[in-house]
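1. turn this into a structure:
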Amino acid sequence: MLTSPSMTTTVPYRVSEFATSHAGISRLFAAAVVNRDFRDELLRSPEAALSSGYHGQPFALTAEERSLVVSIRAESLADLARQVNRALR
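-> Now for the predicted structure:
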């Protein structure tokens with residue numbers, strides 16, 4: 001009879017508190033990272049970008065998050081992310 005020893009390893013994995021409490025914002029930034037047209041619209045006209053959603057799917061943003069994103073004028077996605085992060089922390 002052949003036996004093989006097995007080893008079990010536990011890998012710690014933590015989802016950040018920000019990601020779980022601001023899932024809609026995380027999804028918004030994910031869409032902006034992967035789609036240049038959406039990113040450009042988000043920076044140029046955030047209200048229109050939020051209204052149209054991403055591939056027809058709306059973003060689940062709180063009223064506070066939506067107002068924040070619409071109120072920010074950013075030159076780049078990094079600038080937008082920095083301002084959103086600062087305001088929501």
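2. CA only for contacts and neighbour counts going forward, please
-> Will do.
3. what packs against the helix or strand hosting residue 26?
-> According to DSSP states H and E, residue 26 maps onto helix 23-34. Here helix 23-34 touches helix 36-44, going by 3 or more Cα pairs under 8 Å, 6 or more residues apart in numbering; DSSP states H and E.
4. hmm, who's touching the helix it packs on?
-> 31-33, 48-50, 54, 73-77, 80 (Cα atoms under 8 Å, 6 or more residues apart in numbering).
5. any chance of those in a markdown table, with secondary structure, distance to residue 65 and pLDDT too?
-> Listed next are the contacts of helix 36-44 as a markdown table, based on DSSP: H, G, I helix; E, B strand; the rest coil; distance: Cα to Cα, whole Å; pLDDT from 0 to 100:
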| residue | secondary structure | distance to residue 65 | pLDDT |
| --- | --- | --- | --- |
| 31 | helix | 16 | 97 |
| 32 | helix | 16 | 97 |
| 33 | helix | 18 | 97 |
| 48 | helix | 15 | 97 |
| 49 | helix | 14 | 97 |
| 50 | helix | 11 | 97 |
| 54 | strand | 17 | 95 |
| 73 | coil | 14 | 95 |
| 74 | coil | 16 | 97 |
| 75 | coil | 19 | 95 |
| 76 | coil | 18 | 97 |
| 77 | helix | 16 | 97 |
| 80 | helix | 13 | 97 |
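6. out of those residues, who's nearest residue 66?
-> Distance to residue 66, by Cα to Cα, is smallest for residue 50 among those, at 7.9 Å.
7. show the contacting residues for the closest one.
-> Counted by Cα under 8 Å, 6+ apart, residue 50 has contacts 42, 58, 59, 66.
8. helix, strand or coil for the third one?
-> To tie it back to what came earlier, the one meant is residue 59. Three-state assignment for residue 59 (DSSP: H, G, I helix; E, B strand; the rest coil): coil.
9. what's around it, how many residues?
-> 19 (other Cα atoms under 10 Å).
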